[in-house]
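Student: Structure for this input, please:
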Amino acid sequence: MGLIETCRATIAANSEHLCALDRAIGDGDHGTNMRRGCEAVSAEDASVSALPLPDALEKIGLTLVMNIGGAAGPLYGTLLMEMGRELRAPGEKRDFPSALKQAINAVARRGRSHVGDKTLLDVLYPVQDALAHRLPLTDIARQAELAAELTAAMRAMRGRASYLGDRSIGHVDPGASSCALLTAAICRYLEESAPA
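Tutor: Modelled structure (predicted):
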């Protein structure tokens, strides 16, 4: 099973859980939307896998923008398209953590959000920091899962959940949860595929 299929299967297996999280503080369709986006990427697997990494990331990002409804499509799409652009930047030797940081900053600008606003940024920034410090993949996966859980204590400042005010406290953010699920799936895949 390739990485794209691993991500698709992870979201498919957790789609109802993500919808349940979203029903508590949003409109209840995050899992459905994420599943649709991942299935669209999976349908392009053969053509995407043949591309250099920067081009593949951009193509996946565009596919997500076109297929995931709500705020998640533009945010995940921006993350991947910007990472592709950063990794391709002429005259600059970008390592993956610094490219990821620039891409996350672009997501923050796009969503007009910050760390602590109860969004996927609350997972992305800790993951980027863990990558920059070259932590083992298992630790990065754990960091992502913990970061998502910590959003339960936050008051939502962006999106539909922000209308609930203090009532959004006590619920894990669905975008942070899908981000943690995907991060953990990618870490597990990379660990299993690493040469012994």
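Student: so after the longest helix belonging to the chain, what's the next helix or strand?
Tutor: Within the chain, and with DSSP state H defining each element, the longest helix by residue count is helix 3-25. Heading C-terminal from helix 3-25, the first helix or strand you meet, by DSSP states H and E, is helix 30-43.
Student: From the contact counts, what lies against whichever helix or strand comes after that next one?
Tutor: The element immediately downstream of helix 30-43 (helix or strand, assigned by DSSP H and E) is helix 45-49. With contacts defined as 3 or more C-beta pairs under 8 Å, 6 or more residues apart in numbering; DSSP states H and E, helix 45-49 has these neighbours: helix 3-25, helix 53-67. Using the backbone N, CA and C atoms, a C-beta is placed for each residue, glycine as well.
Student: Buried ones in helix 45-49, by neighbour count?
Tutor: Counting neighbours by 16 or more other C-beta atoms under 10 Å, one finds that the buried residues in helix 45-49 are V48.
Student: now swap in stretch 66-75 and tell me
Tutor: Applying a neighbour-count criterion of 16+ other C-beta under 10 Å, the buried positions in stretch 66-75 are 67-68, 70-75.
Student: And stretch 150-167, by the same measure?
Tutor: Residues of stretch 150-167 classed as buried under the neighbour-count rule (16+ other C-beta under 10 Å) are 150-151, 154-159, 161.
Student: Next step: these restricted to helices.
Tutor: Counting by DSSP H, the part of these found in helices is L150.
Student: Make CSV from the helices and strands packed on helix 45-49 and add mean pLDDT to it.
Tutor: Below are those laid out as CSV (pLDDT from 0 to 100):
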stretch, mean pLDDT
helix 3-25, 96
helix 53-67, 96
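Student: Flag the shaky bits of the protein, pLDDT-wise.
Tutor: Screening the chain residue by residue with the criterion pLDDT under 70, one finds the ranges 91-93, 196.
Student: Let me know the helix or strand that the residue nearest to the spatial centre of it is in.
Tutor: When C-alpha atoms, centre = their mean is applied to the chain, the residue found nearest the centroid is C179 (3.6 Å). When elements are assigned from DSSP H and E, C179 belongs to helix 174-193.
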